[in-house]
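S.K.: Below is the structure, and that's it, no one-letter string:
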């Protein structure tokens, strides 16, 4: 089938697009990660791991997208082979691929604890958004304090920042990008 032009190029008005935003390439240092993990533990209510804490650990260990982590079920966490399968079986494939990633020796005890505390099939417990819990952790860690005031919306650290952080640290350790 040959492509047909619907309009003559001379009839189409040129539109100047606005300038693009600066790229957000924020990632956390090892010290900032440690501060956030400690803050998440301090914010925990009761003996069970919080959703923010679970997300923080899984995101930093897998470099998974927020939706992939929120969709993660326990049947795709394989403790026998130490692999997490972020892809949902039967899910329509898109450009945003979901990888299978190894469970690190650091993440394994944390996941085993979360598995023992599970209340349903979801690793996160629910598919509710995690932006607010992450912002609370950031502020508790002292990373959201700007000019002697707490500004949660301006912390510059989002769930996607954890993905950037994990990818950056993995690349520095020689893990292939694919």
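M.R.: Structure's in. What do you need? No experiment lies behind these values; they were computed from the predicted model shown.
S.K.: And for residue 78, the neighbour number?
M.R.: Residue 78 has 13 neighbouring residues, counting by other C-beta atoms under 10 Å. C-beta: built from backbone N, CA, C; applies to glycine.
S.K.: If it is in a bridge, with which residues?
M.R.: Note on residue 78: beta-bridge partners by DSSP bridges are residue 83.
S.K.: My read is that it contacts residue 84, right?
M.R.: Yes: judged on C-beta atoms under 8 Å, residue 78 makes contact with residue 84 at a distance of 7.4 Å.
S.K.: Would you point out the helix or strand in the protein whose mean pLDDT is lowest?
M.R.: strand 149-150 (a mean of 54; mean pLDDT, DSSP states H and E).
S.K.: What lies in contact with the helix or strand following that one?
M.R.: Following strand 149-150 in sequence order, the next helix or strand is helix 159-172 (DSSP states H and E). Under the criterion C-beta atoms under 8 Å, 6 or more residues apart in numbering, residues 24-28, 30, 33, 55-56, 59-66, 130-131, 134, 177 lie in contact with helix 159-172.
S.K.: For PyMOL, what selects the buried ones among these?
M.R.: Here is the PyMOL command that selects the buried residues among the contacts of helix 159-172 (16 or more other C-beta atoms under 10 Å):
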select buried, resi 27+28+33+55+56+59+60+61+62+63+64+65+66+130+131+134
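S.K.: shaky segments in this structure?
M.R.: 1-3, 22-24, 145-154, 178 (pLDDT under 70).
S.K.: Distance from the chain centre to stretch 102-121, please.
M.R.: Stretch 102-121 sits 16 Å away from the centroid of its parent chain (C-alpha atoms, centre = their mean, to the nearest Å).
S.K.: ok, now stretch 29-41?
M.R.: 15 Å.
S.K.: and if you look at stretch 160-178?
M.R.: Here stretch 160-178 shows a centroid-to-chain-centroid distance of 12 Å under the convention C-alpha atoms, centre = their mean.
S.K.: now stretch 6-26
M.R.: On C-alpha atoms, centre = their mean, the centre of stretch 6-26 falls 30 Å from the chain's centre.
S.K.: What residues sit buried inside that stretch?
M.R.: Within stretch 6-26, no residue counts as buried by 16+ other C-beta under 10 Å.
S.K.: What are the contacting residues of it?
M.R.: With C-beta under 8 Å, 6+ apart as the test, stretch 6-26 has contacts from 156-157, 161, 164.
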